[in-house]
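Q: Just the structure for this:
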Amino acid sequence: MYFSPIQMNVLALVIYIRGYNQRNDHFIGAAFILLDSLIGEYDVGTQIGQITFEPYQEQEDIHPISNLVSLVDTM
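A: Modelled structure (predicted):
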């Protein structure tokens, strides 16, 4: 899973997931569980604004989801 940050008053995220399509929404529930485990439920609720989901495609301007921890910690 990868992400692309969009900084405003709160952090908006585009989450890229391999195998995701809009008809297959069980990925979304799993992604929220991962986010809660990774950065904490409180930070997901207070530091993250809009979250959108897209199918993963290799591109240069996205980051591994593990990098989200340090990004949220700096906020």
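Q: drop to CA atoms for contacts and neighbour counts, all remaining ones
A: OK.
Q: Now stretch 28-36: average pLDDT?
A: Stretch 28-36 shows a mean pLDDT of 90.
Q: do stretch 57-65 as well
A: Stretch 57-65 shows a mean pLDDT of 86.
Q: do you know how far the residue positioned nearest the centre of the chain is from residue 30?
A: The C-alpha lying nearest the average C-alpha coordinate of the chain belongs to residue 15 (Cα atoms, centre = their mean; 4.2 Å). Per Cα to Cα, to the nearest Å, residue 15 is found 12 Å from residue 30.
Q: number of nearby residues for residue 4?
A: By other Cα atoms under 10 Å, the residues close to residue 4 number 16.
Q: and if you look at residue 26?
A: For residue 26, using other Cα under 10 Å, the count is 11.
Q: Mind listing the strands the strand or helix carrying the residue nearest to the centre of the chain pairs with, and their directions?
A: Per DSSP states H and E: residue 15 is located in strand 11-17. In the sheet, strand 11-17 lines up against strand 2-7 (antiparallel), strand 48-55 (parallel) (DSSP bridges).
Q: Pull out the buried residues from the longest one.
A: Judged by neighbour count using 16 or more other Cα atoms under 10 Å, the buried positions of strand 48-55 are 48, 49, 53, 54.
Q: looking at this protein, which residue lies furthest from center?
A: Distance to centre of the chain, Cα atoms, centre = their mean, peaks at residue 23 (18.8 Å).
Q: Please name the nearest non-neighbouring residue to residue 11.
A: Spatially, and ignoring its direct neighbours in sequence, residue 11 is nearest to residue 48 (4.8 Å; Cα to Cα, 6 or more residues apart in numbering).
Q: That neighbour touches residue 35, doesn't it?
A: No: with contact defined as Cα atoms under 8 Å, residue 48 does not reach residue 35; the gap is 10.1 Å.
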